[in-house]
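**Q** Fold the stuff below for me.
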Amino acid sequence: MEHRSLFLIVALLASLGYPQSDATGDGAKARAAVEANLKGKDGSEFAKTALASFAKTHAGALKICRDTVKAPDTSRFDILFMLSRRGMVKDALLSPVTNVGQCLLRESANEVFPPPPGPNHWILIRSADIRD
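**A** Numbering: from 1, shown residues only. Now for the predicted structure:
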């Protein structure tokens with residue numbers, strides 16, 4: 001089942017224009033990077049800023065996704081974004097893969113966050129933290 005989810009992540013990201021990579025272990029590596037970033041200088045404060053920015057921009061999109069996707073899977077999901085030095089999304093992972101999560105990931109494909117503390121900075125957005 002995990003290999004199927006990883007395949008779906010790679011296929012989804014490829015369709016959105018995100019770089020393809022070997023998906024084996026990418027989710028665990030990204031989560032470890034998020035944890036390290038939270039412990040780093042300004043990491044925790046930036047995570048709050050990034051979540052507020054994303055939630056403000058995409059709360060309506062989450063509702064639209066729930067309302068328009070056929071048989072919406074309303075399970076909670078996480079989106080992990082790797083950001084460039086300027087806040088542009090370089091990579092993204094969705095876990096677990098849900099149709100509502102896929103919809104929101106498509107809606108946020110061109111998201112630009114505030115500039116992070118450093119390059120290749122991973123952040124975590126939890127669907128439960130987005131209020132609509």
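**Q** From now on I want contacts and neighbour counts done on CA atoms only, so please keep to that.
**A** Noted.
**Q** Need phi/psi at Met82.
**A** Dihedral pair for Met82: phi -100, psi 130, per degrees, to the nearest 10.
**Q** so it touches Glu111, yeah?
**A** No - contact status for Met82 versus Glu111: not in contact, 11.4 Å apart, counting by C-alpha atoms under 8 Å.
**Q** okay, and the common contacts of the two?
**A** Between them, Met82 and Glu111 share these contacting residues under C-alpha atoms under 8 Å, 6 or more residues apart in numbering: Val89.
**Q** More neighbours: the two, which one.
**A** Of the pair Met82 and Glu111, Met82 is the one with more neighbours under other C-alpha atoms under 10 Å, namely 22 against 18.
**Q** May I ask which helix or strand encompasses the closest residue to the more buried one other than its chain neighbours?
**A** Excluding its sequence neighbours, the residue lying closest to Met82 (C-alpha to C-alpha, 6 or more residues apart in numbering) is Trp122, at 4.3 Å. Remark: Trp122 resides in strand 121-126, with elements defined by DSSP states H and E.
**Q** for that strand, packing partners?
**A** Contacts defined by 3 or more C-alpha pairs under 8 Å, 6 or more residues apart in numbering; DSSP states H and E place strand 121-126 against helix 26-39, helix 43-68, strand 78-83.
**Q** Return the most buried member of the ones you listed.
**A** Mean neighbour count, computed with mean count of other C-alpha atoms under 10 Å, is highest for strand 78-83 among those, reaching a mean of 22.
**Q** Export that strand to CSV, keeping only CA atoms.
**A** Output of strand 78-83 as CSV, limited to C-alpha atoms (Å, rounded to 0.1, in the frame of the first residue of the first chain):
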residue,chain,number,x,y,z
ASP,A,78,-0.5,16.9,5.1
ILE,A,79,1.2,18.8,2.4
LEU,A,80,4.9,19.2,2.7
PHE,A,81,6.4,22.0,0.6
MET,A,82,10.1,22.6,-0.2
LEU,A,83,10.6,26.3,-0.7
